[in-house]
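1. prediction below, plus the sequence it came from.
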Amino acid sequence: MDRHVDPALARDIDARCRLTGEFTLRSGQVAGEYFDKYLFETDPDLLARVAAAMVPLLPDDTDLLGGLEMGGIPIATVVSSQSRVSALFVRKQAKTYGTCKLAEGPAVDGLRVTLIEDVITTGGAVRDATRALREAGAVVETVVCAIDRSPGDDNPLADVGLEIRAVLTKADLDAVRA
């Protein structure tokens, strides 16, 4: 699938979300730069633009949009509103009370779920959600993300047979800084 990169969107997201300073990463490493994805997700104009760029990336046979907790949920909500495809909110872990659901929304058995994620680096959360939704009977073959920050050209989700369709890549964001 050919990607169309909107340089203005890349520039605006990079300007809004790339922070410089001293940041301790999840790995414990200290970095001089940090990408705060929530800064575009909480900006209604940027969020609408990202969602609009995601809609054409959705497979035609998508039955449900699976927004991953936490960053994928606001994006999936706006993409759902724009595409008129129902959304599903996928937790990192099933609730231990009430309905004890992993995914909030309609039942997924037999339906084609396109995952929606904000940023993919290693794909760990997407991999876990894919496995859990497949166990519940969903057909999961594609994830559409706002930004693919995975290193190199290798698909980090190839091991679970998932295609990544990204609005922007790390290279797109780096290119607007050059």
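-> Done, it's in.

2. what mean pLDDT does the helix or strand containing residue 50 get?
-> Element membership of residue 50 [criterion: DSSP states H and E] is helix 44-54. The average pLDDT for helix 44-54 rounds to 97.

3. that one: how far from the chain's middle?
-> 13 Å (CA atoms, centre = their mean, to the nearest Å).

4. each with direction, which strands does the helix or strand following that helix pair with?
-> As assigned by DSSP H and E, the chain's next helix or strand after helix 44-54 is strand 64-68. Taking DSSP bridges as the criterion, strand 64-68 sits next to strand 87-90 (parallel), strand 112-120 (parallel) in its sheet.

5. of the ones you listed, which approaches residue 47 most closely?
-> strand 112-120 (10.1 Å; CB to CB). Backbone N, C-alpha and C define where each C-beta goes, glycine included.

6. report all helices and strands that the helix or strand that that closest one is followed by contacts.
-> Moving toward the C-terminus from strand 112-120, the next helix or strand (DSSP H and E) is helix 124-135. Helix 124-135 is packed against strand 64-68, strand 87-90, strand 112-120, strand 139-148, with contacts defined by 3 or more CB pairs under 8 Å, 6 or more residues apart in numbering; DSSP states H and E.

7. circling back to that earlier point, among the strands paired with strand 64-68, which comes closest to residue 128?
-> Checking those against residue 128 by CB to CB gives strand 87-90 as the closest, at 9.3 Å.
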